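*Asks:* how would this look folded up:
(4 chains)
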Number of protein chains: 2
Amino acid sequence: MFSSSAERSSSEENHLKAIYALSDRGQRDVSTTAIASHMELKASSVTSMLKRLSEKGLVEHRPYRGAGLTEHGLRVATSIVRRHRLWETFLVTHLNYKWDEVHELAEQLEHVGTEDLHDRLDKFLDHPRFDPHGDPIPDKEGRVVDMEGALSLTGVEKDQLVYIVGVRDSSPAFLKLLDGLGLKLGTQLTITRRFEYDNSVEVSSRFRTGLLLNEQVSTNLIVKII
Amino acid sequence: MFSSSAERSSSEENHLKAIYALSDRGQRDVSTTAIASHMELKASSVTSMLKRLSEKGLVEHRPYRGAGLTEHGLRVATSIVRRHRLWETFLVTHLNYKWDEVHELAEQLEHVGTEDLHDRLDKFLDHPRFDPHGDPIPDKEGRVVDMEGALSLTGVEKDQLVYIVGVRDSSPAFLKLLDGLGLKLGTQLTITRRFEYDNSVEVSSRFRTGLLLNEQVSTNLIVKII
DNA sequence: CGCAAGAATTAGGCACGGCTAAATTAATGA
DNA sequence: TCATTAATTTAGCCGTGCCTAATTCTTGCG
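*Replies:* Numbers count the residues shown, from 1 in each chain, chains lettered A, B, ... in the order given. So this is what the prediction gives:
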């Protein structure tokens, strides 16, 4: 059995991660343009990377049609997502970073070292199942718990008690907004009023009542019914 | 006050670190060849990097004569050594790596992130003053404790009780040898016999007596008199 | 059905960081 | 002093990974 880690560059790994994310965990194919805009690159750069990844057997590239991960590519992409989320967890739980500060750093750390390093990190962190944004951390074999019962706050009935389990958008701006509103993972909420005018909702938590959330915010809040 | 972190590549940082190490912490100039052989590069590659670092004000390059760190370069180099040793400490104390396994990983981790990350890591580790090999960790301001009273085992008198505080060679091979002999930081020793023939010494510790160390080994062991 | 718009690819250029080979400088010793 | 040698630098090439501009597919609409 030979190692499957045939020296990948950070850029290669980032492309795999992008395809993974855009294809809904490797389900369907994604377009060159989509990858390019996700990574803030030009399409031509993506094309040449797709060619390279295709030669390495990580990606199936159908020119002019799109690209998808091979089985091998999917394993690699999952592993990188795992690494990313483990580092984010470490940064928040042990180095006292805030949840809106860790993405960039994890983006760099995820490319360092071997699988062994991350297995050890995982063990040190006591096998966390969710990262600081509520995203599930794939296990060693790439299995991802899928969050059944989770839904967007937008889809919740009035007066239904729910608690926040994640965010759909983990940009610093959105996370800081939530901090400012006193909303974090685990916070319990109920929708007290809905406004048809703009689909905004009024929510109450233990600490705050009459908090008005616009549609964008409520859509990006992932909750579970208690 | 503007930031002094004007985007440095890993390769640039590695060159600074090499100059720092070879120049005895930035004292004297070092030759292109010395840097090249230390980094396992060709001299011509080093020359072009020296030119770049010189333009960035990190290195003083006197063509055909040698190169030394500027004050700014010295600060940067010290910071990288600090990062390296902090990560080595983390890997050993929290991820259970052995002292002969951490160098390569730290070599990669040291280039990630900002000074802030490493200040937080330092705090998390509770401001360690020595890394797993006994090398001093520079503080935030670049101050290095110099290990007064430390000397090579070769220079110790017969029957003098000493303990191991560091190693001059931290290659995996040497560290594994020490592991095999049951020698580690803190181990107490006395030289029981000296052999003029090849400058080897016989030492005894609490756990082992009559252990024969050749000159290379005893030279690379740094000890303090109790 | 055919063509124009838009997506994607190809062609060609650039900076980085490495290399080899050629040219240059410094140092040494006869 | 001057020639030889060793160290160093310069010249020029290559792969990665990005870019712009030109070209080639696909597709949907008139």
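*Asks:* C-alpha only now, for contacts and for neighbours.
*Replies:* Noted.
*Asks:* Which positions in chain A make contact with DNA strand D?
*Replies:* Contacts of chain A with DNA strand D, taken as C-alpha under 7 Å from any atom of the strand, map to A:9-12, A:40-46, A:49, A:64-65.
*Asks:* which among those gets closest to residue B:215?
*Replies:* Each of the residues of chain A next to DNA strand D was checked against residue B:215 using C-alpha to C-alpha; the closest is residue A:9, at 42.7 Å.
*Asks:* quick one: residue A:169 and residue A:222 touch, right?
*Replies:* No - judged on C-alpha atoms under 8 Å, residue A:169 makes no contact with residue A:222 at a distance of 9.8 Å.
*Asks:* Mind checking which of these two has more residues around it?
*Replies:* The neighbour comparison of residue A:169 against residue A:222 (other C-alpha atoms under 10 Å in any protein chain shown) goes to residue A:222, with 23 against 16.
*Asks:* ok, and the closest non-adjacent residue to residue A:59?
*Replies:* Using C-alpha to C-alpha, 6 or more residues apart in numbering or on different chains and skipping the chain neighbours, the partner closest in space to residue A:59 is residue A:69 (4.5 Å).
*Asks:* what residues are up against residue A:172?
*Replies:* Shown in contact with residue A:172 (C-alpha atoms under 8 Å, 6 or more residues apart in numbering or on different chains): A:100, A:101.
*Asks:* What segments of chain A are helices?
*Replies:* A:10-22, A:32-39, A:43-55, A:71-93, A:103-109, A:115-124, A:172-181, A:215-220 (DSSP state H).
*Asks:* and these, which is most packed in?
*Replies:* helix A:71-93 (a mean of 23; mean count of other C-alpha atoms under 10 Å in any protein chain shown).
*Asks:* Remind me what that one packs against, helices and strands.
*Replies:* helix A:10-22, helix A:103-109, helix A:115-124 (3 or more C-alpha pairs under 8 Å, 6 or more residues apart in numbering or on different chains; DSSP states H and E).
*Asks:* okay, the helices of chain A in CSV with distance to DNA strand C and mean pLDDT next?
*Replies:* Formatted as CSV, those follow (distance: least, C-alpha to the nearest atom of the strand, whole Å; pLDDT from 0 to 100):
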stretch, distance to DNA strand C, mean pLDDT
helix A:10-22, 13, 98
helix A:32-39, 3, 98
helix A:43-55, 4, 97
helix A:71-93, 18, 98
helix A:103-109, 16, 97
helix A:115-124, 24, 98
helix A:172-181, 28, 97
helix A:215-220, 25, 96
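*Asks:* mind putting these in a markdown table, distance to residue A:139 included?
*Replies:* Below are the helices of chain A laid out as a markdown table (distance: least, C-alpha to C-alpha, whole Å):
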| stretch | distance to residue A:139 |
| --- | --- |
| helix A:10-22 | 16 |
| helix A:32-39 | 25 |
| helix A:43-55 | 24 |
| helix A:71-93 | 7 |
| helix A:103-109 | 17 |
| helix A:115-124 | 9 |
| helix A:172-181 | 26 |
| helix A:215-220 | 25 |
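*Asks:* Need the pLDDT of the residue positioned nearest the centre of chain A.
*Replies:* Centroid check for chain A by C-alpha atoms, centre = their mean gives residue A:135 as the closest residue, at 5.7 Å. We have a pLDDT of 97 for residue A:135.
*Asks:* Equivalent analysis for the one 3 residues further on, please.
*Replies:* The model reports residue A:138 with a pLDDT of 97.
*Asks:* Tell me the spacing between the nearest residue to it once chain neighbours are set aside and residue B:170.
*Replies:* Using C-alpha to C-alpha, 6+ apart and skipping the chain neighbours, the partner closest in space to residue A:138 is residue A:144 (4.5 Å). Distance from residue A:144 to residue B:170, counting by C-alpha to C-alpha, to the nearest Å: 40 Å.
*Asks:* now the end-to-end length of stretch A:44-64.
*Replies:* Chord length of stretch A:44-64, first to last residue, is 12 Å (C-alpha to C-alpha).
*Asks:* for stretch A:59-77, same thing?
*Replies:* 11 Å.
*Asks:* what's next to it, contact-wise?
*Replies:* A:13, A:16-17, A:19-20, A:23, A:25-32, A:50-51, A:53-54, A:57-58, A:142.
*Asks:* likewise stretch A:210-226?
*Replies:* A:149-154, A:160-169, A:192, A:198-204.
*Asks:* Mind checking which of these are in strands?
*Replies:* A:150-152, A:161-167, A:192, A:200-204 (DSSP state E).
*Asks:* pLDDT at residue A:2, what is it?
*Replies:* 36.
*Asks:* before we move on, what about the one 5 residues further on?
*Replies:* Each residue has a pLDDT score; the one for residue A:7 is 87.
*Asks:* Counting neighbours, what do you get for it?
*Replies:* Neighbour number of residue A:7 under other C-alpha under 10 Å is 7.
*Asks:* I'd like the distance between the closest residue in space to residue A:169 that isn't next to it in sequence and residue A:206.
*Replies:* Counting by C-alpha to C-alpha, 6+ apart, residue A:220 is the residue found nearest to residue A:169 once chain neighbours are left out, at 5.9 Å. Look at residue A:220 and residue A:206: by C-alpha to C-alpha, they are 21 Å apart.
*Asks:* Then residue A:111?
*Replies:* From residue A:111 to residue A:206 the distance is 41 Å (C-alpha to C-alpha).
*Asks:* More neighbours: the two, which one.
*Replies:* For residue A:111 and residue A:206, the more surrounded residue by other C-alpha under 10 Å is residue A:111, and the numbers stand at 20 against 9.
*Asks:* Quick check: residue A:197 vs residue B:54, distance?
*Replies:* With C-alpha to C-alpha as the criterion, residue A:197 and residue B:54 are 63 Å apart.
*Asks:* wait, residue A:169
*Replies:* Applying C-alpha to C-alpha to residue A:169 and residue B:54 gives a distance of 43 Å.
*Asks:* How about residue A:167: what's its closest non-neighbour residue?
*Replies:* residue A:221 (4.9 Å).
*Asks:* Oh, that last question was meant for residue A:146, not what I typed.
*Replies:* Using C-alpha to C-alpha, 6+ apart, the closest residue to residue A:146 is residue A:136 (7.5 Å).
*Asks:* Contact partners for the one you found?
*Replies:* So residue A:136 contacts A:129, A:130, A:144, A:145, A:146, A:147 (C-alpha under 8 Å, 6+ apart).
*Asks:* Let's see that with 7 Å instead.
*Replies:* A:129, A:130, A:144, A:145 (C-alpha atoms under 7 Å, 6 or more residues apart in numbering or on different chains).
*Asks:* Any idea how many residues pack against residue A:57?
*Replies:* Neighbour tally, residue A:57, other C-alpha under 10 Å: 15.
*Asks:* Please read the previous query as pertaining to residue A:8.
*Replies:* 12.
*Asks:* ok, now residue A:192?
*Replies:* For residue A:192, using other C-alpha under 10 Å, the count is 18.
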